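Predicted model, plus sequence, below.
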Amino acid sequence: MSTAPEPSVEEAELTDGFHLVIDALKLNGIKTIYGVPGIPITDLGRLAQAEGMRVISFRHEQNAGNAAAIAGFLTKTPGICLTVSAPGFLNGLVALANATTNCFPMILISGSSEREIVDLQQGDYEEMDQLAIAKPLCKAAFRVLHAADIGIGVARAIRAAVSGRPGGVYLDLPAKLFGQVMEAEAGRRSLVKVIDPAPAQIPAPSAVERALDVLRGAKKPLIILGKGAAYAQADDDIRALVEKSGIPYIPMSMAKGLIPDTHPQCAAAARSTVLAESDVVMMIGARLNWLLSHGKGRQWGPPGSKKFIQIDIEPREMDSNVEIAAPLVGDIGSCVGALLKGMGDDWAAPPVEWTQSINAKKEQNIARMASRLGKNSIPMDYHSALRVLRDVIRDRPDAILVNEGANTLDQARGVIDMYQPRKRLDVGTWGVMGIGMGFAVAATIETGKPVLAIEGDSAFGFSGMEVETICRYNLPVCVVVFNNDGIYRGDGVNPTGGADPAPTMFVPGSRYDRMMESFGGVGVHVTTPDDLKRAVDQAIDSGRPTLINAVIDPAAGSESGNIGNLNPKSALTKKGGA
Ligand code: ADP
Ligand code: TZD
Ligand code: MG
């Protein structure tokens, strides 16, 4: 043993809260922080950059939060959003709640005011009991008060975000924590590397057998792939299961491309037929929520005509809306692997009457769609504009498509085929507007791929200021604004004849392209499909930040896009506005 005296605190190498947070994130493989600077986390961002992390500063926390959330979806590692206290925290909270709703892993790290002052409500700078407010809106919420607990705090946040059903986690870091000093060696020892943060959850063999029995008994089976299946990154096994079973499948919006939409077993073009007529439906990482009419009602055929098999990591998802005949609880990779094994080598394909009737319906619907897409309307309607964007993705299947709006979303989802997993990112479970630019930024930062963001003019407005961020970081993002002068349509009128425009209207003829130009990016104004195609091709070839203002016929859209049925209408008005 050395007889040298212990070094005094003055002589010892020191670390502090700032560095411990950064070291804890880096130790766990987190390379990027999305956020907005300010008290008390300005130096955290600076130091993180100095320590080699990528720090992407946004103009509004909601967009930084959306970026973190989609980074989590794309990488299975929690995306980090860093905000200031109270207002910055609240701005980020919408994204945290949305991430949780969509099962995306993210961690919202917020600086906060001093506990002593907050708890006595003595009016600190940006005072707010953030932990209490965050709790009901996310999967877990933690606060760290001592520098020596930062390692554990970050580890708990990571494990909570990615294990089981992924979701949003809140980590509260009071201002005082960052300046707390401790010996560097003790600090290093206090850090925790999370081993196996999302452990495999193996399904019970009896549950696998039960699922296979139900599947064997099916005359008209159907598989529904959801965004949980895309998230799981079990791409090869999922494709093998679909192909070995011979069962037709439909992808939910963000599962498009998990298997190419052009696959012969894809029944998306016969969606209503397969939902109504199938007798056994196997859900893989998809929930029977409003997006699937809760698994019941007219869309699903006669009551009692279906048996459901559901693969999900969250046991409580089972029977949420209808009885699940064969719940298969586990992670998708393990469940699909077990099914594949259990199917053996002599699995019988579904009856040909079933697949033939689906193919006939598909051909009919594809022909109908082709005639709509064939029109070269000027002013452009949704279909003539989307036809050329469909071709862009066909020619560049590795580009990531971000999509939001009402008609702009619903029509694009139907028209644009996807060819690769996790290339379609959109409004998700809530149908929330505002994900566009945050998703676009993170998608290219995380993958290095170009992004094509197809945005309704209203949808774009929710995060439009981030075109400056896109220019500042010189990102290969091409934004196409479908500019129909308003929400759903651009021909709304004020029924009183007064000067105020109708509530769904925007300034007609707006030039969103000039926003991009003002920050040094490329702005293009187009009115024809040919010009749109040329502009997008050039944008993606050049990799330069581009915004294309694509003029769409104000009368082309329908109220609420494809979900007008959810829109309550007054029984007392004879004639609506727009
Ligand atoms: P969609 O909107 O595409 O139908 P949802 O978001 O409704 O998809 O459903 C996704 C489901 O996937 C959630 O119920 C979630 O628990 C589940 N899930 C997410 N990741 C996994 C995984 N790795 N293994 C199993 N299930 C998962
Ligand atoms: N606010 C938020 C956060 N999310 C929402 N979904 C809405 C408001 C309501 N909303 C929709 O559901 S779609 C939409 C709004 C405002 C915009 C539709 O207009 P758009 O698309 O210009 O984006 P189209 O092509 O004109 O239909
Ligand atoms: Mg619009």
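Ah, there it is. Residues are numbered from 1 along each chain as shown. Ligands and ions are numbered 1, 2, ... in the order given.

Please report the number of neighbouring residues for residue 333.
Counted with other C-beta atoms under 10 Å, residues neighbouring residue 333 total 19. For every residue, glycine as well, the C-beta is placed using N, CA and C.

list the contacts for it?
Residue 333 is in contact with 200, 232-234, 237, counting by C-beta atoms under 8 Å, 6 or more residues apart in numbering.

on contacts alone, who are the packing partners of the lengthiest helix in the chain?
Ranked by residue count, the top helix of the chain under DSSP state H comes out as helix 352-374. Contact partners of helix 352-374 among helices and strands, from 3 or more C-beta pairs under 8 Å, 6 or more residues apart in numbering; DSSP states H and E: helix 271-277, helix 382-395, helix 407-415.

Same list (those helices) but as a markdown table, adding mean neighbour count, mean pLDDT and distance to residue 535.
Listed next are the helices and strands packed on helix 352-374 as a markdown table, based on neighbours: other C-beta atoms under 10 Å; pLDDT from 0 to 100; distance: least, C-beta to C-beta, whole Å:
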| stretch | mean neighbour count | mean pLDDT | distance to residue 535 |
| --- | --- | --- | --- |
| helix 271-277 | 18 | 98 | 32 |
| helix 382-395 | 21 | 98 | 10 |
| helix 407-415 | 23 | 98 | 17 |
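
Give me the buried subset of the contacts of residue 333.
Among these, the ones that count as buried by 16 or more other C-beta atoms under 10 Å are 232-234, 237.

can you list the domains in the protein?
As given by automatic domain parsing, the domain ranges for the chain are 14-190, 205-360, 374-551.

and the gap between residue 145 and residue 39?
Look at residue 145 and residue 39: by C-beta to C-beta, to the nearest Å, they are 19 Å apart.

And for residue 223?
Distance of residue 223 to residue 39, computed by C-beta to C-beta: 51 Å.

neighbour-wise, which of those two wins?
More neighbours surround residue 223 than the other of residue 223 and residue 39, with 28 against 14 (other C-beta under 10 Å).

separation between residue 387 and residue 116?
Distance of residue 387 to residue 116, given as C-beta to C-beta: 62 Å.

Need the per-residue pLDDT for the residue lying closest to residue 16 once chain neighbours are set aside.
Leaving aside its sequence neighbours, residue 16 sits nearest to residue 181 (C-beta to C-beta, 6 or more residues apart in numbering; 4.9 Å). For residue 181, the pLDDT comes out at 98.

Residue 375 too?
On the pLDDT scale, residue 375 gets 88.

That one touches residue 381, doesn't it?
Yes. Applying C-beta atoms under 8 Å, one finds residue 375 in contact with residue 381, separated by 7.3 Å.

Between these two, point out the one with more neighbours.
Remark: of residue 375 and residue 381, residue 381 carries more neighbours, 19 against 13, as counted by other C-beta under 10 Å.

residues touching that one, list them.
Counting by C-beta under 8 Å, 6+ apart, residue 381 has contacts 375, 552-553, 556.

neighbour-wise, which of the residues you listed leads?
Counting by other C-beta under 10 Å, top hit in those: residue 552 with 26 neighbours.

could you dump the host helix or strand of residue 158 to PDB, C-alpha only?
Taking DSSP states H and E as the criterion, residue 158 maps to helix 150-162. Coordinates of each C-alpha in helix 150-162 appear next as PDB, following Å, rounded to 0.1, in the frame of the first residue of the first chain:
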ATOM      1  CA  ILE A 150     -26.400  11.600 -12.000                       C
ATOM      2  CA  GLY A 151     -25.200   8.300 -13.200                       C
ATOM      3  CA  ILE A 152     -28.000   6.400 -11.700                       C
ATOM      4  CA  GLY A 153     -30.600   9.000 -12.700                       C
ATOM      5  CA  VAL A 154     -29.500   8.900 -16.400                       C
ATOM      6  CA  ALA A 155     -29.400   5.100 -16.300                       C
ATOM      7  CA  ARG A 156     -32.900   4.900 -14.800                       C
ATOM      8  CA  ALA A 157     -34.200   7.300 -17.500                       C
ATOM      9  CA  ILE A 158     -32.600   5.200 -20.300                       C
ATOM     10  CA  ARG A 159     -33.900   1.900 -19.100                       C
ATOM     11  CA  ALA A 160     -37.400   3.300 -18.400                       C
ATOM     12  CA  ALA A 161     -37.500   4.800 -22.000                       C
ATOM     13  CA  VAL A 162     -36.500   1.700 -23.900                       C
END
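
Many thanks, have a good one.
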